[in-house]
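Asker: predicted model and sequence follow; I will ask about them next.
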Amino acid sequence: MDKKINVFFDNQTVKSIANKLRNAGCIYAEDETQLLILEAQSLEDLLKKVQMRLAGLPLEYIIGWAHFCDLRIVVEQEVFVPRQRTEFLVHQAKTLACSGDIVVDLCCGSGAIGAALAADLGDIFLYCSDIDPIAVQCARRNITKFGGHVFEGDLYKALPQSIKGHINILVANVPYVPTESIELLPSEARLYEPNVALDGGDDGLNILRRVVDEASYWLSPGGHLLIETSEMQAPKTFEIFANAGLSTKVVRDVELDATVVIGVNPAFN
């Protein structure tokens, strides 16, 4: 990186950019400056990228990727940006998965969760789906290199019937922001990320209920359903899982502020 800095611009320019980002409210101004420098093709290109960031465009859209579970996940504009806390969901799924498992990532967005699982587990059969065609296009760029399949459609309707009743690991980072809380989100999410990836309805659990309601039909006996939720929504989510007949537990990572509800399909339905 230092060599590239010397080629394109001096340290004063770098410090100036970092100061501008910091004054604009970027908490990790120095780190963002370094990433913008790494992706810039020239000084002119760098300054253009800086102006986009100062205007509020998410960094991941500007550089074209997000760091997630030690992977560089391609992220296109109008696609949900994978969050660091969702790495906890991936970790939980990895501890439950086995070689040869059928793994499904519903509401896959960029395909970050599925890609991370495939990269770590290797020999799995991976299926992903999303209702947003832009997300599906993006996910294919991240998933197909691992031999996974991405389908466009509404939750389970997008999946091939051949895997119904055979899914070992079903993960979903569904939209879980209550509709009235959308306006309280940081401007980067509220203004630039797709509403369909954020809005979970009146209590934030509308999509989650639909996923849980059909899960037992799609999971194999003993298969696992894992869904990210908020700490506040966890008790209600637990209740929804339990009412669907799943053996349920809640796990949490305080440092990441990440909460995952895990349900196990009965061995015999």
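Answerer: Cool, the structure landed.
Asker: could you pull up the residues touching residue 180?
Answerer: The contact partners of residue 180, by C-beta atoms under 8 Å, 6 or more residues apart in numbering, come to residue 202. Backbone N, C-alpha and C define where each C-beta goes, glycine included.
Asker: part of a helix, is it?
Answerer: Yes. Residue 180 sits within a helix when classified using DSSP: H, G, I helix; E, B strand; the rest coil.
Asker: for this structure, what spans make up the strands?
Answerer: Ranges of strands in the chain, per DSSP state E, are 65-68, 71-74, 102-106, 125-130, 149-152, 167-172, 219-229, 247-253, 258-264.
Asker: give me the contacts around the first one.
Answerer: Think strand 65-68. Residues outside strand 65-68 that contact it (C-beta under 8 Å, 6+ apart): 60, 72-75, 81-82, 84, 86-87, 110, 112, 115-116.
Asker: circling back to that earlier point, in CSV: the strands of the chain, plus mean neighbour count.
Answerer: Rendered in CSV, the data for those read as follows (neighbours: other C-beta atoms under 10 Å):
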stretch, mean neighbour count
strand 65-68, 19
strand 71-74, 18
strand 102-106, 26
strand 125-130, 25
strand 149-152, 18
strand 167-172, 24
strand 219-229, 22
strand 247-253, 15
strand 258-264, 23
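Asker: for those, which one sits closest to residue 184?
Answerer: With C-beta to C-beta, the closest approach to residue 184 among these belongs to strand 219-229: 17.4 Å.
Asker: so what strands line up beside that closest one?
Answerer: strand 167-172 (parallel), strand 258-264 (antiparallel) (DSSP bridges).
Asker: mean pLDDT and distance to residue 38 added to these, as TSV?
Answerer: Below are those laid out as TSV (pLDDT from 0 to 100; distance: least, C-beta to C-beta, whole Å):
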stretch	mean pLDDT	distance to residue 38
strand 167-172	98	31
strand 258-264	97	28
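Asker: distance to residue 205 added to those, as CSV?
Answerer: Converted to CSV, those look like this (distance: least, C-beta to C-beta, whole Å):
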stretch, distance to residue 205
strand 167-172, 12
strand 258-264, 11
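Asker: go through the ones you listed and name the closest to residue 46.
Answerer: Of all the strands paired with strand 219-229, strand 258-264 sits nearest to residue 46, with 33.6 Å by C-beta to C-beta.
Asker: what is the end-to-end distance of stretch 191-204?
Answerer: Distance between the two ends of stretch 191-204: 19 Å, counting by C-alpha to C-alpha, to the nearest Å.
Asker: whoops, stretch 150-165 was the one
Answerer: 19 Å.
Asker: so what's the gap between it and the chain middle?
Answerer: The chain centre lies 19 Å from the centre of stretch 150-165; the measure is C-alpha atoms, centre = their mean, to the nearest Å.
Asker: what's the mean pLDDT across it?
Answerer: The average pLDDT within stretch 150-165 is 97.
Asker: now stretch 32-45: buried residues?
Answerer: 32-37, 40 (16 or more other C-beta atoms under 10 Å).
Asker: got the residues you listed as CSV, with pLDDT and distance to residue 255 columns?
Answerer: As requested, those are exported to CSV (pLDDT from 0 to 100; distance: C-beta to C-beta, whole Å):
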residue, pLDDT, distance to residue 255
32, 87, 22
33, 88, 26
34, 88, 24
35, 90, 23
36, 90, 27
37, 88, 29
40, 86, 32
